[in-house]
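S.K.: kindly generate the corresponding structure for this input.
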Amino acid sequence: MKMYILVRESVPIGLAITSACHASVACNNRFRDTPEVSKWLAGTFYKVICKVNDTEFEKAKVIEDNVIITESALGGMEVAIAFKPREEYPKMFKFLRLYK
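M.R.: Numbers count the residues shown, from 1 in each chain. Purely as a prediction, here's the structure:
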């Protein structure tokens, strides 16, 4: 099982790191009472962090069971989105770029 975290490529690196951390915690808190999170936490609780453009970000927002993170330092801009851990993700996730 994996939790995917998508961060907009336009976000400066320092805010991107903070946003990814906030997204992970917020997602865990929102879905903590679900069987998926219990199973994820009982294992290795993998997280995959990807850098996405605006189009990819908007497409991902419609996928269920997500948490969107905004950044006040960027005027409340939506900067990251995390998804409840799951076994299978939509095909588009296979083509996203890992954040390196």
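S.K.: show me what the single longest helix found in the chain is packed against.
M.R.: Longest helix in the chain, counting residues (DSSP state H): helix 13-31. Helix 13-31 is packed against strand 2-8, strand 46-52, strand 66-71, strand 77-83, with contacts defined by 3 or more C-beta pairs under 8 Å, 6 or more residues apart in numbering; DSSP states H and E. Quick note: C-beta positions are derived from backbone N, CA and C, even for glycine.
S.K.: what's stretch 33-44 in contact with?
M.R.: 1, 3, 28, 31, 46, 84, 85, 86 (C-beta atoms under 8 Å, 6 or more residues apart in numbering).
S.K.: out of those, who's the most crowded?
M.R.: Scoring these on neighbours with other C-beta atoms under 10 Å, the highest-scoring entry is residue 85 at 24 neighbours.
S.K.: before we move on, back to that, could you check how far the longest helix of the chain is from the centre of its chain?
M.R.: With C-alpha atoms, centre = their mean, to the nearest Å as the basis, helix 13-31 stands 7 Å off its chain's centre.
S.K.: show me how far the helix or strand just after that helix is from its chain's centre.
M.R.: Counting by DSSP states H and E, the next helix or strand C-terminal to helix 13-31 is helix 35-42. Centroid separation for helix 35-42 versus its chain: 16 Å, with C-alpha atoms, centre = their mean.
S.K.: just want the angle from helix 35-42 to helix 13-31.
M.R.: 120 degrees (axes from the mean of the first three to the mean of the last three C-alpha atoms, to 10 degrees).
S.K.: between helix 35-42 and strand 46-52, how many degrees?
M.R.: Using the same axes, to 10 degrees: helix 35-42 against strand 46-52 is 110 degrees.
S.K.: on that earlier part again, touching the longest helix of the chain from outside, list them.
M.R.: Helix 13-31 has contacts (C-beta under 8 Å, 6+ apart) with 3, 5, 7-8, 11, 37, 47, 49, 51, 65-67, 69, 71, 73-74, 79-85, 99.
S.K.: that older thread, with mean pLDDT and distance to residue 17 as extra columns, can I get the helices and strands packed on helix 13-31 in JSON lines?
M.R.: Rendered in JSON lines, the data for these read as follows (pLDDT from 0 to 100; distance: least, C-beta to C-beta, whole Å):
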{"stretch": "strand 2-8", "mean pLDDT": "98", "distance to residue 17": "9"}
{"stretch": "strand 46-52", "mean pLDDT": "97", "distance to residue 17": "9"}
{"stretch": "strand 66-71", "mean pLDDT": "97", "distance to residue 17": "12"}
{"stretch": "strand 77-83", "mean pLDDT": "98", "distance to residue 17": "10"}
